[in-house]
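S.K.: Let's see this in three dimensions:
(one chain, ligands or ions: 1)
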Amino acid sequence: MSTLIRYEAGKKPVRRPTEQQLRQEIIQVCRLLHQKDYCLATDGNVSARLDTESFLVTPSGYSKALVQANQLVTVDASGQVVGQGKYGPQRGLRPSSEILLHLEAYRQRPDVQAVVHAHPPVAIALSIAGYDVAPCLLPDVILYFGMVPTTEYATPASAEGAKVITDLITRYDALVLQRHGSVTVGSSVVEAYLRLEKLEQAALITKTVIELGRARPFPPDEVEKLAQWRSQQGLNRPGQDEEIRGACGVCSAAGSGGCLFPQTR
Ligand SMILES: [Zn+2]
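M.R.: Residues are numbered from 1 along each chain as shown. Predicted coordinates for the structure are as follows:
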C-alpha cells in the first residue's frame with residue numbers, strides 16, 4: 001500500500017489535498033473498510049468534500065475491495081453527478097445510494113471534510129438489542145467522542161435516513177444508525193475512518209461486558225474530570241456538555257446496581 005495518507009492524530013491536514021490525493025485516500029480507506037469487515041459485499045460508502053459545492057463519493061453497487069480511484073463520482077450539493085462523471089471511466093456510474101445522508105452531514109457541519117458510512121457488525125447488533133455503545137463506560141470514548149448516540153431507525157438509502165442524523169450530527173462525530181450501521185465524520189477521510197475503528201472497538205468492549213454479566217459503575221467524579229477536559233479543549237459542540245453529564249448522571253443516580261447498560265429502546 002502506498003503512503004499517500006498524510007495523517008497525524010489530533011492534527012488537521014496541513015494543506016488541502018488535491019482531487020487526486022483525495023481519490024487515493026478514499027480508495028485506501030475503502031480497502032481498510034473491507035479488510036476490517038466494516039463493509040462487505042457492496043455495503044458502505046465514503047465521501048470527501050472537494051470544495052464548497054462539490055463532493056467525491058464512492059459509486060453505488062461496488063465492493064470496497066475492488067472500486068478504483070477513477071470510479072469515484074463527483075456530485076453537487078443536491079447529489080447530482082457533475083463534471084467528468086458523465087464521461088470516461090465514470091460513465092454509467094451512479095453515486096452511492098446513501099448520498100443524501102452524506103450531504104446532510106456536510107450541510108449541518110461546514111467543518112466536516114469527509115464522511116464514512118459503514119456496517120460495523122457489533123455496533124449494529126447492540127443497536128438491535130437496544131444498547132448504546134459504551135454509555136459512560138470507557139474514559140477514552142468520553143474524551144474522544146463525548147458520546148456515541150444511536151439514531152432512530154430509518155429505511156436505508158431513504159430521505160428519512162438523512163433526517164434521522166440531522167440533529168445528532170451537529171453535536172457528535174460518530175453515530176450508530178439503528179439496525180443499519182454507522183456514520184463517522186472528520187477533517188480528513190482517514191480521521192472519519194479512524195473514528196469508525198474506535199466506535200466498533202468500543203462496541204466490542206460493550207458487548208463483552210454485557211456478556212460478562214456485570215459492570216462496575218464509573219465514578220461520577222471521574223466522569224466529571226473527563227467532561228471538564230473536553231470543555232477545556234474546546235471539543236464540546238453546543239449542547240454536548242450537558243448531554244454528556246446528563247447521560248452519565250443517569251447511571252450514578254441509580255446507585256451501585258450496575259445500571260451502566262440501561263436498555264434505551
Ligand atoms: Zn448502509
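S.K.: Residue of the stretch 151-265 of the chain nearest the ion, please.
M.R.: In the stretch 151-265 of the chain, the residue that lies nearest the ion is Gly181 (4.5 Å; Cβ to the ion). Placement of C-beta: from N, CA and C, glycine included.
S.K.: so that residue touches Gly44, yeah?
M.R.: Yes. In this structure, Gly181 is within contact of Gly44 by Cβ atoms under 8 Å, at 7.1 Å.
S.K.: overlap in contacts of those two?
M.R.: 117-119 (Cβ atoms under 8 Å, 6 or more residues apart in numbering).
S.K.: burial count for the residue of the stretch 151-265 of the chain closest to the ion?
M.R.: Close neighbours of Gly181, defined as other Cβ atoms under 10 Å, add up to 26.
S.K.: Tyr38 too?
M.R.: 26.
S.K.: quick one, what contacts the closest residue to it other than its chain neighbours?
M.R.: Closest residue in space to Tyr38, ignoring its immediate chain neighbours: Ala118 at 4.1 Å, by Cβ to Cβ, 6 or more residues apart in numbering. Applying Cβ under 8 Å, 6+ apart, we find Ala118 in contact with 33, 38-39, 43-44, 181-182, 184, 196.
S.K.: Quick check: beta-bridge partners of the residue of the stretch 151-265 of the chain closest to the ion?
M.R.: When bridges are called by DSSP bridges, Gly181 pairs up with Leu177.
S.K.: And it, how close does it get to Ser63?
M.R.: Counting by Cβ to Cβ, to the nearest Å, the gap from Gly181 to Ser63 is 16 Å.
S.K.: Ok, Val73 next?
M.R.: Counting by Cβ to Cβ, the separation of Val73 from Ser63 is 16 Å.
S.K.: which of the two has more neighbours?
M.R.: Val73 (23 against 14).
S.K.: so what's the backbone phi/psi at that one?
M.R.: phi -100, psi 140 (degrees, to the nearest 10).
S.K.: contacting residues for it?
M.R.: 56-59, 81, 85, 90, 93-95 are the contacts of Val73 under Cβ under 8 Å, 6+ apart.
S.K.: List the residues that contact the residue of the stretch 151-265 of the chain closest to the ion.
M.R.: Going by Cβ under 8 Å, 6+ apart, Gly181 touches 43-44, 117-120, 123-124, 156.
S.K.: Out of these, which sit inside strands?
M.R.: 117-118 (DSSP state E).
S.K.: Just give me the least confident of the contacts of Gly181.
M.R.: Least confident entry in these, by pLDDT: Pro156, with 94.
S.K.: if I read this right, it contacts His180, doesn't it?
M.R.: Yes. In this structure, Pro156 is within contact of His180 by Cβ under 8 Å, at 5.4 Å.
S.K.: Please say which of the two ends up with more neighbours.
M.R.: His180 (23 against 17).
S.K.: for that one, what are its contacts?
M.R.: By Cβ under 8 Å, 6+ apart, the contact set of His180 is 119, 124, 127, 153-154, 156, 161.
S.K.: Out of the contacts of Ala118, name the two that are farthest from one another.
M.R.: Spanning the widest gap among the contacts of Ala118 are Asp43 and Thr184, at 14.7 Å by Cβ to Cβ.
S.K.: Between those two, point out the one with more neighbours.
M.R.: Counted by other Cβ under 10 Å, Asp43 and Thr184 do not tie: Thr184 has more neighbours, with 27 against 18.
S.K.: hang on, that one is in a helix, isn't it?
M.R.: No. Counting by DSSP: H, G, I helix; E, B strand; the rest coil, Thr184 is located in no helix; its state is strand.
S.K.: Mind pulling up the pLDDT for it?
M.R.: pLDDT for Thr184: 98.
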